[in-house]
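Asks: build me a model:
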Amino acid sequence: MAFRPDAAGDSAQWTPNAGANWEAVDEVTPDGDTTYVASDTVDAVDLYNLAAPSLPGNAVIRRVWASAVARKANAEDPDQIQVGLKSGATAAWSGDHALGTTYALYSTPAHTVDPDDGQPWTPADLDGLQAGVKAS
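Replies: As a prediction, this is how the structure comes out:
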């Protein structure tokens, strides 16, 4: 089950080409340069609230990860990106992904437990989950 951004998260440091940051990255099928966020600042973070899932309270959640489609648009852009999840007070970022000049999919590792408390994921954990990107 994929969750899409539905509101701004705790950080909005990237610049959308139109509208709000989360609206520029919420498409089911990536739309290339039609809507996007961009940053030329290393360590700039954009986080997005995710639509709350409608899972039963006893649902078993085996793994959670975040993905982003990105590219390096010009020489001023950072060379790398990190993709992350924020659960509670804890942000868990992927390692650095080197950006190419064409769009590619980048992801976090699969988190089999909630990085905020080290316990198995629950449906309630997903209600407050954020996903995002960090220029690196």
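Asks: run through who's touching stretch 31-47.
Replies: 8-19, 21, 23-25, 27, 73, 76-78, 84, 86, 91, 103, 130-136 (Cβ atoms under 8 Å, 6 or more residues apart in numbering). C-beta: built from backbone N, CA, C; applies to glycine.
Asks: can we see that at 6 Å?
Replies: 9-11, 13-17, 21, 24, 76-78, 86, 130, 132-135 (Cβ atoms under 6 Å, 6 or more residues apart in numbering).
Asks: pLDDT on that stretch, on average?
Replies: Mean pLDDT, computed over stretch 31-47, is 95.
Asks: CA atoms only: put it into CSV for me.
Replies: What follows is stretch 31-47, C-alpha atoms only, in CSV (Å, rounded to 0.1, in the frame of the first residue of the first chain):
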residue,chain,number,x,y,z
ASP,A,31,5.2,13.9,-14.0
GLY,A,32,8.8,14.9,-14.7
ASP,A,33,9.2,18.7,-14.8
THR,A,34,5.5,19.5,-14.6
THR,A,35,5.5,19.7,-10.8
TYR,A,36,8.5,19.4,-8.6
VAL,A,37,10.5,20.9,-5.7
ALA,A,38,14.1,22.0,-6.0
SER,A,39,17.0,23.0,-3.8
ASP,A,40,20.5,24.3,-4.4
THR,A,41,21.3,24.2,-0.6
VAL,A,42,23.1,21.3,1.0
ASP,A,43,21.2,19.9,4.0
ALA,A,44,17.9,21.6,3.0
VAL,A,45,15.1,19.3,4.1
ASP,A,46,11.5,18.9,2.8
LEU,A,47,9.1,16.8,4.8
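Asks: off-centre distance for that stretch?
Replies: Centroid separation for stretch 31-47 versus its chain: 11 Å, with Cα atoms, centre = their mean, to the nearest Å.
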